[in-house]
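A.B. asks: Next input, structure requested:
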Amino acid sequence: MQMKRILIIEDDTDLLEGLAFALETEGYEILQAQTRKEGLKIIEQGLCSLVLLDCNLPDGSGFDLCVEAKKIGDIPLLMLTARDTEMDEVKALELGVDDFMSKPFSLAVLKARIKKLLGKKEVLSRLISGGISVDKNTCKVYKKDREIPCSRVEYQLLIYLMENRNQVVSKEQILAHVWDSHGKYVDENTVSVNIRRLRGKIEDDPKNPRRICTVHGIGYVWKEGEL
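C.D. replies: All right, here's what the predicted structure looks like:
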């Protein structure tokens with residue numbers, strides 16, 4: 001299992017080093033930054049699984065950094081602040097902060113909250129249905145324990161079908177989601193061709209599909225459950 005990386009953005013050197021040591025003993029890899037600029041650079045590189053940040057930084061507000069981080073990706077954010085005010089907490093949550101703790105705080109509680117946030121992210125990043133699993137973090141697809149190589153289009157098509165499991169999606173909806181979002185126009189036959197290729201990779205019997213089923217005159221449906 002890949003080690004989780006936590007980025008700590010804190011300008012108090014003693015607190016930064018203390019948090020880093022405490023979390024390293026829990027098995028996390030720690031990245032450190034003492035300014036908004038340093039922290040944002042690390043976030044942009046996609047190097048961390050969670051960000052633990054102070055509300056007040058030498059070169060800007062932790063609130064502003066939250067906004068910038070959420071534009072980059074859906075990374076869990078846990079904010080620390082010395083100002084124990086309801087307004088700060090409300091503002092943090094409205095800006096997309098996933099959790100909020102006031103200083104001084106319990107190290108045991110902090111560790112528990114970090115574990116919970118990382119666990120929630122792990123669940124959301126994995127799709128599992130009908131013997132097929134997709135890891136969104138690595139963009140890999142597995143049939144039982146065997147990795148299935150997929151093209152970018154096949155991967156996006158599979159994600160869309162699995163996220164809408166047991167719901168019929170039309171060819172027009174698939175076109176809009178998988179292709180039109182990239183500014184490319186394709187005809188409906190392209191959908192059929194890629195469905196056929198995907199079935200060849202994930203179905204036990206592609207000629208008699210049991211997961212990606214055709215709904216004649218409408219589109220397709222990913223069927224979940226025992227078959």
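A.B. asks: For the most centrally placed residue in the chain, report the pLDDT, please.
C.D. replies: When Cα atoms, centre = their mean is applied to the chain, the residue found nearest the centroid is residue 125 (4.9 Å). Turning to residue 125, the model gives it a pLDDT of 71.
A.B. asks: now it: how far from residue 136?
C.D. replies: Computed as Cβ to Cβ, to the nearest Å, the residue 125 to residue 136 distance reads 4 Å. The way it works is simple: take the backbone N, C-alpha and C, and place the C-beta from them, glycine included.
A.B. asks: before we move on, what about residue 8?
C.D. replies: 25 Å.
A.B. asks: just residue 27 next, same as before
C.D. replies: Taking Cβ to Cβ as the criterion, residue 27 is separated from residue 136 by 23 Å.
A.B. asks: Looking at those two, which has the bigger crowd around it?
C.D. replies: Summary of the neighbour comparison: residue 27 and residue 136, criterion other Cβ atoms under 10 Å, with residue 136 having more neighbours (12 against 9).
A.B. asks: Give me the phi and psi for residue 169.
C.D. replies: phi -120, psi 140 (degrees, to the nearest 10).
A.B. asks: Residue 176 too?
C.D. replies: Backbone phi and psi, for residue 176 under degrees, to the nearest 10, turn out to be phi -60, psi -40.
A.B. asks: what sits against it?
C.D. replies: Contacts were defined as Cβ atoms under 8 Å, 6 or more residues apart in numbering; by that measure residue 176 touches no other residue.
A.B. asks: who's in contact with the lengthiest helix in the chain?
C.D. replies: With DSSP state H applied, the helix covering the greatest number of residues in the chain is identified as helix 107-124. For helix 107-124, the external contacting residues (Cβ under 8 Å, 6+ apart) are 4, 6, 22-23, 26, 28, 49-50, 52, 76, 78, 98-99, 101.
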